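*Asks:* got a predicted structure plus its sequence, pasted below:
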Amino acid sequence: MQIKEVLLAPGNGAFFYDDQAAIRSGAMQDGFIYVGEPITPGFDFIRRPASLLSIGLVLSDDSVVWGDMMGVQYSGACGRDPLFDADQISNLTSCVVVPRLLDVDASRYLEACAEVFEPHEHKRLPLALEYGLSQALLRAVARLHRRTMAEVICAELGLPLPTRRVPIYCQSGDAREINVDKMILKAVDVLPHGLINSRQKFGADGQTFLEFVKWVATRTREIGHPGYHPVLHFDVYGCIGLEIGLEPQRIADFICRVADTVPGFTLNIECPADFGSRQAQIDNYARIVSILDDRGSSARIVVDERCNTLEDVRLFAEAKATHLIQIKTPDVGSLADTARAVLICKENQVGAYVGGSCTETDLSAQASVHVSVATQADMMLAKPGMGVDEAFSIVGNEQNRLLAMLNRRRAQVEKIG
């Protein structure tokens, strides 16, 4: 299958790019904006609207398949690629990537990705570019073979057709209480994220955070339907380490204290601390995991910061430096690498969470669902945006449609057999 032409279209992500360093340093919110000077290179304001670049592949039958390139909310932080620059990405795509696309056989997904994503001038292509283009290539192969994107992933990685639904995780943004109620009423599998991204939200000695955790558990029992028992997952953006220090024993003690406030619930704590480098993160997270496991705690550590690329995922998984890895799709790059990352987690008995960012789009979210279901990840993020309703609808409905198609395909195969 040949690609005849490549289209580029500017667009908007579903949320904003935020300067994490400025927020961690104490920038205060004024309504929806943050007041203060930006710190991370590329930011002219602490919060700015997320931009993106859509890439369309014109196929031999004149049909067009699309993918969306964008960065994550906290671009430029913790080893991530710098803030997304649509003009720079557009120029690089036109000058370097388009000639490769016009020359590649797009009928095989993994081979096409490998050829198109060759380094340029001894450097890897921007991960946002890989991410968006890998979505379009996956749709192209699926269209050619008249299969779902999930079936393409299964065929190329030698995986059986999936049967299990992947649990969905929703994030609340700053509208915590209202969005928690929405999640509970919709019986979301994993909730609420909480956006605990500043010391003000965490509170002195973590008391504000502890009260919020207890409130979520209580609210779940108050308005949830009988038998509803979600996993409680809180992203604290390193605030435990910022408030009580970077000693693994103290961090583990605090996490156990949090878990004790919500007995009977599985508790996920994402990014308890940022130790400043990938290796320091691996070493210290491994110690926290060991302490929690030795105590038989119901709490699980989730790594995000400092674990970006496929190689990062491999190192954290092999070191058992986490219970669950967020495979942050735009930071990983190619969706082929997201699929491989899930499999690496499974090989090392580490949980695989296919995440991403609120800055994404419906197209990138739907493609992520297919990879999550094909590889049978442990959970996946409802995205894009910071609202519950839209993201849960996009991801949940795409999963349900996909499973219906896979069940039909399985029945057809059994009938022929």
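*Replies:* All right, it came through fine.
*Asks:* pLDDT averaged over the helix or strand containing S393 - what is it?
*Replies:* Applying DSSP states H and E as the criterion places S393 in helix 389-416. Rounded to a whole number, the mean pLDDT of helix 389-416 is 93.
*Asks:* before we move on, what about stretch 89-106?
*Replies:* 97.
*Asks:* tell me how far stretch 34-47 is from the chain's mean position?
*Replies:* In terms of C-alpha atoms, centre = their mean, to the nearest Å, the centre of stretch 34-47 is set 23 Å apart from its chain centre.
*Asks:* what of stretch 299-315?
*Replies:* In terms of C-alpha atoms, centre = their mean, the centre of stretch 299-315 is found 11 Å from the chain centre.
*Asks:* how about it: buried residues?
*Replies:* By neighbour count on 16 or more other C-beta atoms under 10 Å, the buried set for stretch 299-315 is 299-310, 312-315. Glycine gets a C-beta too; all of them are placed from N, C-alpha and C.
*Asks:* what ranges do the strands span in the stretch 101-250 of the chain?
*Replies:* With strands called from DSSP state E, counting those that start in this stretch, the stretch 101-250 of the chain shows them at 168-169, 190-193, 231-235.
*Asks:* now render these as CSV, adding mean neighbour count, distance to T148 and mean pLDDT.
*Replies:* Below are the strands of the stretch 101-250 of the chain laid out as CSV (neighbours: other C-beta atoms under 10 Å; distance: least, C-beta to C-beta, whole Å; pLDDT from 0 to 100):
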stretch, mean neighbour count, distance to T148, mean pLDDT
strand 168-169, 25, 18, 98
strand 190-193, 26, 24, 97
strand 231-235, 22, 27, 98
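*Asks:* can I get those in TSV including distance to Q29?
*Replies:* Output for those, formatted as TSV (distance: least, C-beta to C-beta, whole Å):
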stretch	distance to Q29
strand 168-169	24
strand 190-193	17
strand 231-235	17
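*Asks:* for the helix holding S393, packing partners?
*Replies:* Packing contacts for helix 389-416, counted by 3 or more C-beta pairs under 8 Å, 6 or more residues apart in numbering; DSSP states H and E, involve helix 149-157, strand 168-169, helix 362-375, strand 379-381.
*Asks:* in CSV: the ones you listed, plus distance to D85.
*Replies:* Output for the helices and strands packed on helix 389-416, formatted as CSV (distance: least, C-beta to C-beta, whole Å):
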stretch, distance to D85
helix 149-157, 28
strand 168-169, 30
helix 362-375, 18
strand 379-381, 25
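*Asks:* what residue ranges in the protein score low on pLDDT?
*Replies:* Applying pLDDT under 70 to the chain picks out residues 417.
*Asks:* go with 80
*Replies:* For the chain, the stretches flagged by pLDDT under 80 are 413-417.
*Asks:* what packs against the longest strand anywhere in it?
*Replies:* Taking DSSP state E as the criterion, the chain has its longest strand at strand 3-18. Packing partners of strand 3-18 (3+ C-beta pairs under 8 Å, 6+ apart): strand 47-59, helix 98-103.
*Asks:* can you dump the C-alpha atoms of whatever helix or strand comes next after the longest one in CSV for me?
*Replies:* Downstream of strand 47-59, the first helix or strand assigned by DSSP H and E is strand 64-69. Listed in CSV are the C-alpha atoms of strand 64-69, where the atom choice follows Å, rounded to 0.1, in the frame of the first residue of the first chain:
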residue,chain,number,x,y,z
VAL,A,64,-7.5,9.8,4.1
VAL,A,65,-6.6,8.5,7.6
TRP,A,66,-5.5,10.8,10.4
GLY,A,67,-3.5,11.0,13.5
ASP,A,68,-2.8,13.8,16.0
MET,A,69,0.6,15.1,17.2
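*Asks:* pairing partners for strand 64-69, with directions?
*Replies:* With DSSP bridges as the test, strand 64-69 is paired with strand 47-59 (antiparallel).
*Asks:* gap between the strand it pairs with and the chain center?
*Replies:* Distance, stretch centre to chain centre, for strand 47-59: 18 Å (C-alpha atoms, centre = their mean).
*Asks:* before we move on, what about stretch 322-330?
*Replies:* On C-alpha atoms, centre = their mean, the centre of stretch 322-330 falls 7 Å from that of its chain.
*Asks:* ditto for stretch 320-331
*Replies:* In terms of C-alpha atoms, centre = their mean, the centre of stretch 320-331 is found 8 Å from the chain centre.
*Asks:* can you report how many residues neighbour N400?
*Replies:* 12 (other C-beta atoms under 10 Å).
*Asks:* thought L406 was touching M149?
*Replies:* No: counting by C-beta atoms under 8 Å, L406 sits too far from M149 to count as a contact (11.4 Å).
*Asks:* neighbour count: these two, which is higher?
*Replies:* Using other C-beta under 10 Å as the criterion, L406 and M149 rank with M149 on top: 24 against 19.
*Asks:* so how far is T309 from that one?
*Replies:* According to C-beta to C-beta, to the nearest Å, M149 stands 22 Å off from T309.
*Asks:* can I get stretch 178-189 as PDB, trimmed to CA atoms?
*Replies:* Provided in PDB are the C-alpha atoms of stretch 178-189 (Å, rounded to 0.1, in the frame of the first residue of the first chain):
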ATOM      1  CA  ILE A 178     -18.400  17.500  41.200                       C
ATOM      2  CA  ASN A 179     -16.400  15.200  39.000                       C
ATOM      3  CA  VAL A 180     -16.000  12.600  41.800                       C
ATOM      4  CA  ASP A 181     -19.800  12.500  42.000                       C
ATOM      5  CA  LYS A 182     -20.000  12.000  38.200                       C
ATOM      6  CA  MET A 183     -17.500   9.200  38.300                       C
ATOM      7  CA  ILE A 184     -19.300   7.400  41.100                       C
ATOM      8  CA  LEU A 185     -22.700   7.700  39.400                       C
ATOM      9  CA  LYS A 186     -21.100   6.300  36.200                       C
ATOM     10  CA  ALA A 187     -19.400   3.500  38.100                       C
ATOM     11  CA  VAL A 188     -16.000   4.300  36.800                       C
ATOM     12  CA  ASP A 189     -13.500   1.500  37.500                       C
END
